[in-house]
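> mind looking at a prediction? Sequence and model below.
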Amino acid sequence: MTITSPGLNTGMTTQYLIDGTGNTIIDGSGTITIITYITQGIITIFLPVIRSLSTTTIFPTNPGQPASVVIYTPRQTSYVTRPAGPGGPSGTTIIPGTDVAVTVPVQVITYASRPVTTVTRPAGPNGPSGTTIFPATDAPITSLVEVITYVVRSTITIIYSGSSVFTTTVYPTETDLSVFVSVIDYVTLPIITVIVITYVVSESQPRTTVTWVGSSAYLTTIYPTDVSSNIITNPTATINIINFVTQPITTVMRLASVTGITTVFPTNSTGNIVTDGSGTISIITFIIQPETLITQVASTTSLTTLFPTDSFGSTITDSSKTKTIITFITQSKTLVTQISSTTSLTIL
């Protein structure tokens, strides 16, 4: 009889029958067994771990079939971040079934909230409102959620004259909230009869031109009137033409003990203010110059002030430099008389 059996090495051996005394039976009554040893093939199988890491070997009953080495190994883990829904942030883990290949990873999914940006826009005719715009579900987690608030603009009312009475509202197209909504009221105005009176003035009527100082330059004419405020058309009455001019202004900065501001108007030789615009108005700003106090020893007590000067030797009066006030004082002395071979005086 021939038997095939797995072994560590290939080879062949023969087993003879023996009797009860241990002697080989040679009378042909028994069966000789010839055993052929062969090396068995091995198949490695990876399966997902169930309880703990382990390895097992399954030997088939047919020595011609390979042995199966089963290795229970943990699955890889895949981390995924997805945008959270209306329910807010959450997380879940998806574990494949035991019949799924071990190369399929375990998925750890984190549902995170997207960043939010708040936008304020002007409301339309329907009034204030608000809305939230979510990005598409397949958009990156960094895509913003827009919270849009529609607010009411300020309103300005304008009255126009028209052929009929009605009101209209004009909404600006700009998104700037500082732009007003215009509510325009069209009204009908009563008809007023205007009487235009033309006064004929003689070209020979005397005229006097006066120049006055004003806030702006312009020209006006004052016609002579009677006690009833009617224009006098008598050729002997004088027409006054007033020419308003702006007077030049200069600003001067001077040093003083206290701060202040004063305006000096130009005057003529009689001391009256010049009003024809020929002079210059001086606005003087009094400022305090910063100062430094220094005490020095001198033979006599005194006080002196050193004002800063520029490169030309002129005193600086704009307070950009510091003036120095020096106080000179006399130092107290003690006289000591000592016996010496010669007379002398020593000051320490």
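Cool, the structure landed.

> got the domain boundaries for this structure?
2-39, 75-113, 116-151, 155-187, 207-245, 289-332 (automatic domain parsing).

> list the buried residues in the fourth one.
Same thing as domain 155-187. Buried residues in domain 155-187, counted by 16 or more other Cβ atoms under 10 Å: residue 181. C-beta here means a position set from N, CA and C on the backbone, and glycine is covered the same way.

> could you give the mean pLDDT of it?
Mean per-residue pLDDT for domain 155-187: 78.

> which residues sit against stretch 287-304?
253-259, 317-319, 321-331 (Cβ atoms under 8 Å, 6 or more residues apart in numbering).

> redo that, cut-off 7 Å
When contacts are defined by Cβ atoms under 7 Å, 6 or more residues apart in numbering, stretch 287-304 is touched by residues 253, 255-256, 259, 319, 322-331.

> thinking again about what came up before, quick one: closest of the domains of the chain to residue 274.
domain 207-245 (8.3 Å; Cβ to Cβ).

> so for that closest one, what gets flagged as buried?
213, 214, 224, 232, 237, 239, 244, 245.

> now do it: distance to the chain's middle.
Centre-to-centre, domain 207-245 and its host chain are 60 Å apart (Cα atoms, centre = their mean, to the nearest Å).

> related to what we said a few turns ago, any chance of TSV for the domains of the chain, columns distance to residue 59?
Formatted as TSV, the domains of the chain follow (distance: least, Cβ to Cβ, whole Å):
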stretch	distance to residue 59
domain 2-39	8
domain 75-113	23
domain 116-151	51
domain 155-187	80
domain 207-245	116
domain 289-332	105
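
> residue 281: which of the ones you listed is closest?
domain 207-245 (8.6 Å).

> quick one: end-to-end distance for that closest one.
19 Å (Cα to Cα, to the nearest Å).

> circling back to that earlier point, just give me the closest of the contacts of stretch 287-304 to residue 41.
residue 322 (103.8 Å).

> measure that closest one to residue 258 for me?
18 Å (Cβ to Cβ, to the nearest Å).

> same check, this time on residue 161
Where residue 258 is concerned, residue 161 sits at a distance of 58 Å (Cβ to Cβ).

> higher neighbour count, residue 322 and residue 258?
Just comparing residue 322 and residue 258: by other Cβ atoms under 10 Å the higher neighbour count belongs to residue 322, 13 against 7.

> can you tell me which of the contacts of stretch 287-304 are buried?
Buried among the contacts of stretch 287-304 (16+ other Cβ under 10 Å): residue 323.

> keep only those of the contacts of stretch 287-304 that are in strands.
Taking DSSP state E as the definition of strands, the contacts of stretch 287-304 contribute 253, 255, 323, 324, 325, 326, 327, 328, 329.

> which of the contacts of stretch 287-304 has the weakest pLDDT?
residue 319 (71).

> give me phi/psi at residue 55?
phi -140, psi 140 (degrees, to the nearest 10).

> need the contact list for it.
69, 70, 71.

> distance of it from residue 83?
42 Å.

> which parts of the helix or strand hosting residue 109 are buried?
Using DSSP states H and E, residue 109 maps to strand 106-112. Buried residues in strand 106-112, counted by 16+ other Cβ under 10 Å: residue 111.

> for it, name the packing helices and strands.
Applying 3 or more Cβ pairs under 7 Å, 6 or more residues apart in numbering; DSSP states H and E, we find strand 106-112 packed against strand 77-83, strand 90-94.

> columns mean neighbour count, distance to residue 105 and mean pLDDT on top of these, output as JSON lines?
Listed next are those as JSON lines, based on neighbours: other Cβ atoms under 10 Å; distance: least, Cβ to Cβ, whole Å; pLDDT from 0 to 100:
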{"stretch": "strand 77-83", "mean neighbour count": "13", "distance to residue 105": "4", "mean pLDDT": "87"}
{"stretch": "strand 90-94", "mean neighbour count": "11", "distance to residue 105": "9", "mean pLDDT": "90"}
